[in-house]
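Trainee: next input, structure requested:
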Amino acid sequence: MKRAGNADLPLHYGYVPVWLAERMAKLGLAIVENIVTDYGKQEVIRRLSDPFWFQSLGAVMGMDWHSSGITTSVMGALKRAVNPLSRELGIYICGGKGKHSTNTPAELLKVCESTGLNSTELVRCSKLSAKIDNTAVQDGFQLYTHNFILTDTGQWCVVQQGMRADTKTARRYHWHSEELQSFVDDPHTFVYGHNTGYILNLADKTAAPLRKGIMQIAAEKPEIMLNEIKHLVMPDHHEVRAENVDMKRLGTVLWLAHEKQPADFEDLLLLQGLGPRTLQSLALVSEVIHGTPSRFKDPARFSFAHGGKDGHPFPVPIKVYDETIGVLQKAVHRSKLGNNDKNEAIKRLSKITEQAEKNFIPNSNFEKVIEQERQNSWKYGGRTVFGKERPPMQQQLKLF
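Mentor: Just a heads-up that it's a prediction; the model follows:
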């Protein structure tokens, strides 16, 4: 097993409004169902253990693209949506934030009663992953959320997050059960957070002499210090800036959706009827479902699917969001009935975007793209935590 990595995030407080929480659950479920259909339930576990993919998922769901709130909000939405269908999907989500994290052992016991899995071993894995990140890795972050996600065949991952009040940052830790060997010799697949310098990591394989010294109460204790293995660092600034986005990839999506038009692609005839704005969102969602790991190095790009609840890079376009959910839900439903046409069309959308990048030269003005989105936000039912978007003044005068 490896800790998949970690992520450092600015610590944000606030809430997710009901209108967004409900849609996050629906979109999250549709994405999970599509992944299970095309790649299997084990792929959902692998994806969740990847901090870059996880951040991209949160961005495409309309959360603040870089804040600590993505972790609890995304996992909360997935738990609400996935668990009622756990028997069908073969995926179970346990734990949560605060007191809900302490319910993880009891929830795992219930899952094991219905699946026949080894509850003793799974509870042990849950507790050890938390102990490693809270105690064995001394980086100054105190855990406050812990989610244990598993399949009915025993594969699992952990997504948990710690807080550091003095620096107002949060650090997210990802674990994956694949090739489990040891909890104390390089167990992490990734830790997602700001590099705060050298830390004491007793779970690193090179710290074996230190662990042995502690166990033997040695008089002289060696100190093994190291940098984090793999890091995704999110910036402090709240707005989305050009340097946060791969402009060639974003420009290709915008070009395909607004200029090239899907009618030019025979493979996308099944998706006709969608407006260019919905196609833009669907292309990014398709990439979250079908993209390879290298596609998620700039999670901020995925906020151009459905904006963010705080208005960055632009308000959440409710009408577009709902249409995206509808397309994915219909694709899953038709796939269950043996008709994979729409599902295959969505899959090809990500491939077409990737292929188009090879010869595409981006000429989009980043600030202009955001300004256009904000100008048109009211047309798409744009909404933030501050309320609904109103038409620009000149447009209001035309309406009257």
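Trainee: from here on, just use CA atoms for contacts and neighbour counts.
Mentor: Will do.
Trainee: same for whichever helix or strand residue 175 is part of, what does it pack against?
Mentor: Using DSSP states H and E, residue 175 falls within strand 169-176. Contacts defined by 3 or more CA pairs under 8 Å, 6 or more residues apart in numbering; DSSP states H and E place strand 169-176 against strand 2-10, helix 41-48, strand 156-164, strand 190-193.
Trainee: export these to TSV and append columns for mean neighbour count, mean pLDDT and distance to residue 121.
Mentor: Formatted as TSV, these follow (neighbours: other CA atoms under 10 Å; pLDDT from 0 to 100; distance: least, CA to CA, whole Å):
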stretch	mean neighbour count	mean pLDDT	distance to residue 121
strand 2-10	26	71	17
helix 41-48	20	96	18
strand 156-164	26	92	12
strand 190-193	28	53	22
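Trainee: mind checking which of the ones you listed is nearest residue 244?
Mentor: strand 2-10 (14.1 Å; CA to CA).
Trainee: what sits against residue 75?
Mentor: 96, 147 (CA atoms under 8 Å, 6 or more residues apart in numbering).
Trainee: which strand or helix spans it?
Mentor: Counting by DSSP H and E, residue 75 is part of helix 69-82.
Trainee: next one: that helix to chain centre, how far?
Mentor: 10 Å (CA atoms, centre = their mean, to the nearest Å).
Trainee: give me the angle between that helix and strand 156-164.
Mentor: Using axes from the mean of the first three to the mean of the last three CA atoms, to 10 degrees, the inter-axis angle of helix 69-82 relative to strand 156-164 is 150 degrees.
Trainee: restricting to C-alpha, output helix 69-82 in CSV.
Mentor: Extracted C-alpha coordinates of helix 69-82, given in CSV (Å, rounded to 0.1, in the frame of the first residue of the first chain):
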residue,chain,number,x,y,z
GLY,A,69,-13.6,22.9,1.8
ILE,A,70,-13.3,20.8,-1.3
THR,A,71,-12.3,17.7,0.8
THR,A,72,-15.3,17.6,3.2
SER,A,73,-17.8,18.9,0.7
VAL,A,74,-16.9,16.4,-2.1
MET,A,75,-16.7,13.4,0.3
GLY,A,76,-20.0,14.5,2.0
ALA,A,77,-21.7,14.7,-1.4
LEU,A,78,-20.4,11.4,-2.6
LYS,A,79,-21.3,9.6,0.7
ARG,A,80,-24.9,10.9,0.5
ALA,A,81,-25.3,9.9,-3.2
VAL,A,82,-23.3,6.7,-3.4
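Trainee: okay if I get the helices and strands packed on strand 169-176 as JSON lines plus distance to residue 340?
Mentor: Formatted as JSON lines, the helices and strands packed on strand 169-176 follow (distance: least, CA to CA, whole Å):
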{"stretch": "strand 2-10", "distance to residue 340": "32"}
{"stretch": "helix 41-48", "distance to residue 340": "18"}
{"stretch": "strand 156-164", "distance to residue 340": "28"}
{"stretch": "strand 190-193", "distance to residue 340": "35"}
